[in-house]
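In: Sequence plus predicted model, see below.
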Amino acid sequence: MSIPNVKLDTELPINQIPVAVKEELGNEESYLKLITKRFFKHKLAVVGLIIFSLIVLLAIFAPLIAPHNPYAVEGEFAAAPSAEHILGTDEVGRDLFSRLIYAARVSLSVGVGAVVIYVAIGTVLGAIAGYFGKWVDMVIMRITDVFMSFPYLMVILVLVSIMGPKLINVILVLGLLGWPSIARLVRGSVLSIKEMDYVKAGVALGFSTPKIVFQHILPNCIAPILVNATFGIASAIIMEASLSFLGMGVQPPTASWGNMLTEAQSITVLASQPWLWIPPGIMILLSVLSINFMGDGLRDAMDPKSLK
Amino acid sequence: MSMITLPEKDGIFGKLTDPLLEIKNLKKYYPIKKGVLSKTVGHVKAVDGLDFSIYPGETISLVGESGCGKSTTGRAIVKLDPPTDGSVLFEGKDMADLSKGELRKIRTQMQIIFQDPYSSLNPRKRIGDLLAEPLLAHRLASKEEVNKKVDKMLETVGLTKFHKGRYPHEFSGGQRQRIGIARALMLNPKLIVCDEPVSALDVSIQAQVLNLLKDLQKEFNLTYLFIAHGLGAVKYISDRIAVMYLGKIVELGKTGDIFTRPKHPYTQALLSAYPIPNPHLRDRERIVVEGDVPSPANPPKGCRFHTRCPFAASVCREKEPVLSGDSHTVACHFPLS
Amino acid sequence: MLQYIIRRILIAIPVLFGVTVFNFVIINMAPGNPVDMYLNPDATEADAEAKKEALGLNDPIYVQYFRWLSNLLHGDFGFSYTTYEPVLDLILTRVGPTLLLMGAALLIAYIIAIPIGILSATRQYSWIDYLTTTFSFLGVSIPSFFLGLGAIYVFALVLGILPTGGMFTLGSDGGFMDTLIHLLMPAVILGTGIAGSTVRYVRSSMLEVLGQDYLRTARAKGLKEFIVTNKHALKNALIPIITIIGMEIPVLIGGAVVTEQIFQWPGLGQLTIQSISSRDYPTLMAINFLAAFAVLFSNLLTDILYSVVDPRIKYS
């Protein structure tokens, strides 16, 4: 049986360390492996991962899975579910099931696209503010305050309505407005890590500032960024759905779970055609729930208090 | 708990050579901000006018209570916390005059070892990479050469090359300090500032690390500025000792002289508090110093030690003494003989 | 501590300034020429030009900004593009219902969240705790409009016990009970939207307090657990919870927009949607500005409340 993790506290001279231990020394306990192990201990997180992966697969392989063209007007409008159209047709006559599947692409591209943009912006700004401090910090933090003063949905609505409701605009606006919370997070992390001796060692060793920031400070900030980004994807998906629902996001004929629910605002549709609005709502719920589970699992897995 | 009896270091450096590092009137003040608009209302005078020189090949220690400014001095020298005033001359060149590029080059000549072994190594990097980094960053060697050097350095500090792939958290405190020392040595510096390198370690490990430092000094021709508050380690490793109080040096001399013939009352108080393992040698006079250390934001007028000195006289309250003497200097109006 | 308050207010001023600038920039990005609404179809180029001049649209941008700002400070928000009435009047008629909705939602959220949070903290790891965690997850994950639609379906259409929307029953005189019945569903939907995250705050705040040693003393003295929890622990746990109200306000504002739309509640949220579809930019901008101002103000209030209530906070 192998000897795991023997700490060489004995300080024996080299030629007296047992050979078995020496050979064991090749095994590393990398940070990534540790996190992954802990993540998988979380039942809900694993469930979330599975569901989310299924949705991703659905989005990627949509053309192969969907029975009909989501844009094609085929059957009668608002038809009840049948053999031909598993979930019926929408108010114009397009197959609902196919639209449901293709809509996954919209939600995921908004979720991931927006988050990638604002994590990039927020990380850079937060790192600059945290590392250089003083007035640079002041200015960036005030700008952050200005952005954070606007109620998120409202200013998004305003901007999207000005720029025109389109998928790309939704991604851009969400991306350009979502960075403040990440910036604050990164700034806080950088401020505390900056004081660590290993960063000072880097300065003493003559490393250049970009090297210190990107190779020493930021990698140690990743944990909270990742957790925040995961929850951010969920929140971006809900945001897009809300916008599309209000008619301010992705417009038909492109299918989005949000705009598939717009019709339900009419009482007749709500009452008599449940197949129109219940499936899209459930899809949104499933995607967001699964991502939130994953985020929660990630957060616990990366909790520094339980890490050595 | 047994105390390890450490013999006195037997170093004689006495040759008159040019100093490796000269410190002239070094000052480091930290502003105190109060009020709505964060106005500066005063300064914490951590280091208030330090003068001394470090000669090649020697080990000089800075001792004193916590807060006396010794760590601040060490960091000011390596420019981690640039001085507020005064000059630091390395090999005759004033460090303030250097351009950014020259400064980076000089940094390779002076390194620092930190006190806390648990925060001085980047937890995300394998120690092989940690050690290779300085060489690669300054482009001093090719990748294969770097590998060989890292292996060799690990053996030198008492680890093995098989440790290369491991992460810092897999090592004990003493081993981490060894890695920190190895890292400092990678660039082949001339001067190493050791900022309380053994204070955080168990006593038995302390001795091993100190021995390692001594061996390395011989092997690599190093000069040490050793900062500590524990006199045992200081006695073992130093050639000369500088005693600091409230931002100033109060006594400076060879280790032997300081321990056998301390001139400043504060030094004598420090020494009298130092535990003596041999019970037969314990009947010395204990000088008890009363009171707390005054705030460095508001140091006492005159001699800074007068508020706690058992021998304080009226001149001590008015006039500040200067360091005087030849090889054993002291700043006191009534130095002990 | 007074120093802290003053400093917070001083910092808020440039932020407010930034908010106005940002708002102004967006206004000028909006397509649509305000001149057009003043002219009749057979107006000539010259007329258009004259009108532009009269409205001050040819002045340099910073002049326009300061004019807009001073109008703002006098309460003049311009005129609606659709109804031609002063925007201020339009807003004033809508503020009441929105405040009513937000207030009721907040109340409901706390009524739900506090007991559940306390319960799940005191019985950690029990089935109640897991139920609570699930509930809060669901609360955060269900889009509020879906929940709203579902609620209308169940309670208004299937069960028929609640109205489908609006603030008054059509044709009636209204009255307290009538409004209340109409308020119920939207307030509950909006409230449960934030209850999910509020429960988590309550729970973690209680957990932190419950672990403290002074409670151990209370128990050792022989006090009943019920009193320990509700009298001693709760007092201290409530402190951060009260201050969280400030953080929830921006979320409430956003949520109100969607909720008012679904339930046809005649508030500022519904006005927002209407302004967007009718391209009524002056109204939209005014609402935007007011919302931002409300958020800023509530943040400031929260920070101040926090410093007053927690004696440990002494920002130097």
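Out: Yes, it's here. Residues are numbered from 1 along each chain as shown, chains lettered A, B, ... in the order given.

In: Return the nearest residue of the stretch 101-250 of chain B with respect to chain C.
Out: When distances are taken as Cβ to the nearest Cβ, the stretch 101-250 of chain B approaches chain C most closely through B:Gly247, which lies 23.2 Å from it. (C-beta placed from N, C-alpha, C; glycine too.)

In: residues in contact with that residue?
Out: Applying Cβ atoms under 8 Å, 6 or more residues apart in numbering or on different chains, one finds that B:Gly247 lies in contact with B:45-50, B:68-69, B:296, B:299, B:304.

In: out of those residues, who's nearest chain C?
Out: Taking Cβ to the nearest Cβ as the measure, chain C sits nearest to B:Pro296 out of these, at 17.9 Å.

In: In three-state terms, label that closest one for me.
Out: Using DSSP: H, G, I helix; E, B strand; the rest coil as the criterion, the local structure at B:Pro296 reads coil.

In: List the contacts of it.
Out: Listed by Cβ under 8 Å, 6+ apart, the contact partners of B:Pro296 are B:44-46, B:48, B:67, B:69, B:246-247.

In: pLDDT check: weakest of the residues you listed?
Out: Checked by pLDDT, the contacts of B:Pro296 have B:Gly67 as the lowest-scoring entry (76).

In: so that residue makes contact with B:Pro294?
Out: No. B:Gly67 sits out of contact with B:Pro294 when judged by Cβ atoms under 8 Å, with a separation of 10.2 Å.

In: Just flag the most distant two among the contacts of B:Pro296.
Out: B:Asp48 and B:Gly67 (12.7 Å; Cβ to Cβ).

In: These two: who's more crowded?
Out: The residue with more neighbours, out of B:Asp48 and B:Gly67, is B:Asp48; 21 against 15, by other Cβ atoms under 10 Å in any protein chain shown.

In: who in the stretch 201-316 of chain C is up against chain A?
Out: Proximity of the stretch 201-316 of chain C to chain A (Cβ under 8 Å from any Cβ of the partner chain) is limited to residues C:250-251, C:253-255, C:257-258, C:261-262, C:272-273, C:276-277, C:279, C:284-285, C:287-288, C:291-292, C:295-296, C:299.

In: Any of the residues you listed buried? List them.
Out: The neighbour-count criterion (16 or more other Cβ atoms under 10 Å in any protein chain shown) marks C:250-251, C:253-255, C:257-258, C:261-262, C:272-273, C:276, C:284-285, C:287-288, C:291-292, C:295-296, C:299 among those as buried.

In: quick one: stretch A:199-216 to chain centroid distance?
Out: Using Cα atoms, centre = their mean, to the nearest Å, the mean C-alpha position of stretch A:199-216 is found 30 Å from that of the whole chain.

In: Which ones among the contacts of B:Pro296 map onto strands?
Out: Among the contacts of B:Pro296, the subset assigned to strands under DSSP state E consists of B:44-46, B:48.

In: For those, give me TSV that also has distance to A:Leu49.
Out: Formatted as TSV, the entries for these read as follows, by distance: Cβ to Cβ, whole Å:
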residue	distance to A:Leu49
B:Val44	52
B:Lys45	57
B:Ala46	52
B:Asp48	60
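
In: For chain A, what's the nearest residue on the stretch 201-316 of chain C?
Out: In the stretch 201-316 of chain C, the residue that lies nearest chain A is C:Gly254 (3.3 Å; Cβ to the nearest Cβ).

In: wait, is that residue part of a strand?
Out: No. Going by three-state DSSP, the assignment for C:Gly254 is helix, not a strand.

In: Quick check: it touching A:Val155?
Out: No. The pair C:Gly254 and A:Val155 fails to qualify as a contact (Cβ under 8 Å) at a distance of 9.5 Å.

In: Show me which residues of the stretch 1-150 of chain C are close to chain B?
Out: Residues of the stretch 1-150 of chain C found near chain B (Cβ under 8 Å from any Cβ) are C:3, C:6-7, C:10.

In: Try it again at 10 Å.
Out: C:2-7, C:9-10 (Cβ under 10 Å from any Cβ of the partner chain).

In: returning to that earlier point: could you point out the member of the contacts of B:Pro296 that lies closest to B:Thr223?
Out: Using Cβ to Cβ as the measure, the one of those that approaches B:Thr223 most closely is B:Gly69, at 20.8 Å.

In: shouldn't the closest one be in contact with B:Pro83?
Out: No. In this structure B:Gly69 lies outside contact range of B:Pro83 using Cβ atoms under 10 Å: 11.5 Å.

In: With neighbour numbers in mind, choose between those two.
Out: In this comparison of B:Gly69 against B:Pro83, neighbours counted by other Cβ under 10 Å, the higher total goes to B:Gly69 at 26 against 23.

In: how about that one, phi and psi?
Out: As for B:Gly69, its main-chain torsions (degrees, to the nearest 10) stand at phi 110, psi 10.

In: what comes up buried for the lengthiest helix in chain A?
Out: Ranked by residue count, the top helix of chain A under DSSP state H comes out as helix A:96-132. By 16+ other Cβ under 10 Å, the buried positions in helix A:96-132 come out as A:96-115, A:117-119, A:121-131.

In: what do C:Gly254 and A:Val155 both touch?
Out: Overlap between the contact sets of C:Gly254 and A:Val155, as judged by Cβ atoms under 10 Å, 6 or more residues apart in numbering or on different chains, is given by C:Ala291.

In: for the stretch 1-150 of chain A, what are the low-confidence residue spans?
Out: Applying pLDDT under 70 to the stretch 1-150 of chain A flags residues A:1-30, A:75.

In: Residue 62: how many residues sit nearby?
Out: Using chain A. 17.

In: Chain C, not that one
Out: Here the count is done by other Cβ under 10 Å, and C:Tyr62 has 9 residues near it.

In: so what does the helix or strand it falls within touch, helix or strand wise?
Out: With the criterion set as DSSP states H and E, the secondary-structure element containing C:Tyr62 is helix C:61-73. If contacts are counted by 3 or more Cβ pairs under 10 Å, 6 or more residues apart in numbering or on different chains; DSSP states H and E, helix C:61-73 sits against helix C:2-29, helix C:281-309.

In: coming back round to it: please name the residues that touch the closest residue to the residue of the stretch 201-316 of chain C closest to chain A other than its chain neighbours.
Out: Spatially, and ignoring its direct neighbours in sequence, C:Gly254 is nearest to A:Leu153 (3.3 Å; Cβ to Cβ, 6 or more residues apart in numbering or on different chains). When the contact criterion is Cβ under 10 Å, 6+ apart, the partners of A:Leu153 are A:239, A:242-243, A:246, A:248, C:250-251, C:253-258, C:269, C:272, C:291.

In: Also A:Gly232?
Out: Here A:Gly232 is in contact with A:111-112, A:114-116, A:118-119, A:122, A:174, A:178, A:181-182, A:225, A:239, A:291, A:295 (Cβ under 10 Å, 6+ apart).

In: Apply 6 Å and report the result again.
Out: Each residue near A:Gly232 by Cβ atoms under 6 Å, 6 or more residues apart in numbering or on different chains is listed here: A:Val115.

In: separation between it and C:Thr217?
Out: When Cβ to Cβ, to the nearest Å is applied, the distance between A:Gly232 and C:Thr217 equals 43 Å.
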